[in-house]
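Visitor: give me a 3D structure for the following:
(2 chains)
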Amino acid sequence: DTGVSQDPRHKITKRGQNVTFRCDPISEHNRLYWYRQTLGQGPEFLTYFQNEAQLEKSRLLSDRFSAERPKGSFSTLEIQRTEQGDSAMYLCASSLAGQAFNEQFFGPGTRLTVL
Amino acid sequence: AQSVTQLDSQVPVFEEAPVELRCNYSSSVSVYLFWYVQYPNQGLQLLLKYLSGSTLVESINGFEAEFNKSQTSFHLRKPSVHISDTAEYFCAVSEYNQGGKLIFGQGTELSVKP
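Guide: Residues are numbered from 1 along each chain as shown, chains lettered A, B, ... in the order given. All right, here's what the predicted structure looks like:
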């Protein structure tokens, strides 16, 4: 399967712990996006990369959040000192930039529960 | 700033009935418009998109949406729904030349009953 994959699919952690999620985009895609989706809401944009450069970060992304895409392929999203309000589904999407429109393909998400 | 409002959080309908899921957006610049679908326990999938040209766009499974610039709306319709259309539907916008980030509405849960 050559779709977007995310790991882990589920993560349960205690408040105050650090967590890291991984996203593997479709191999030829140079853009990678992170979104967060809470229960009953639509996904909210967090950040995106073009190749290894992080080009935009949402105000939702507090200083406890950091994202990297070191070699322009997979990406990681780390949350430090987790809080109960961080409980959500974290979605990754990838696309091929350079066209008038670049369709984003979404992964299955990582569901985070902070106890 | 961009925003998307989906006017109905839940829409229950009977099988073979028509349905309309409403979406309004706010933006000061030109946008692309999308409908995404999320089936139970699955990821988001693009259902249809409006980029330019004809204001009426169609999906392969019978849904259509019409871009109305004056009303800043992009409502989704299907003349006859199936049980298998039960899912969460999200309207989204993306501004031109803004890196492609998507701004989503709150979602509409379509529940098709026999």
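Visitor: from now on I want contacts and neighbour counts done on CA atoms only, so please keep to that.
Guide: Noted.
Visitor: now the end-to-end length of stretch B:81-99.
Guide: 35 Å (Cα to Cα, to the nearest Å).
Visitor: mind listing what's buried in that stretch?
Guide: Across stretch B:81-99, burial judged by 16 or more other Cα atoms under 10 Å in any protein chain shown covers B:81-82, B:85-95, B:99.
Visitor: quick one: name the residues of chain A near chain B.
Guide: Where chain A comes near chain B, counting by Cα under 8 Å from any Cα of the partner chain, the residues are A:33, A:40-45, A:48, A:101-102, A:105-109.
Visitor: these, buried ones only, as a PyMOL selection?
Guide: The PyMOL command for the buried members of these (criterion: 16+ other Cα under 10 Å) is given here:
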select buried, chain A and resi 33+42+43+44+45+48+101+105+106+107+108+109
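Visitor: in strands, which of the residues of chain A next to chain B fall?
Guide: A:Tyr33, A:Glu44, A:Phe45, A:Tyr48, A:Phe105, A:Phe106 (DSSP state E).
Visitor: identify the farthest-apart pair in the residues of chain A next to chain B.
Guide: Across the residues of chain A next to chain B, no pair lies farther apart than A:Gly40 and A:Phe101, at 28.1 Å, counting by Cα to Cα.
Visitor: quick check: beta-bridge partners of residue 48?
Guide: Went with chain A since none was named. Beta-bridge partners for A:Tyr48, by DSSP bridges, are A:Tyr33, A:Glu56.
Visitor: please go with chain B instead
Guide: Beta bridges link B:Leu48 to B:Trp35 when assigned by DSSP bridges.
Visitor: nothing else from me, thank you.
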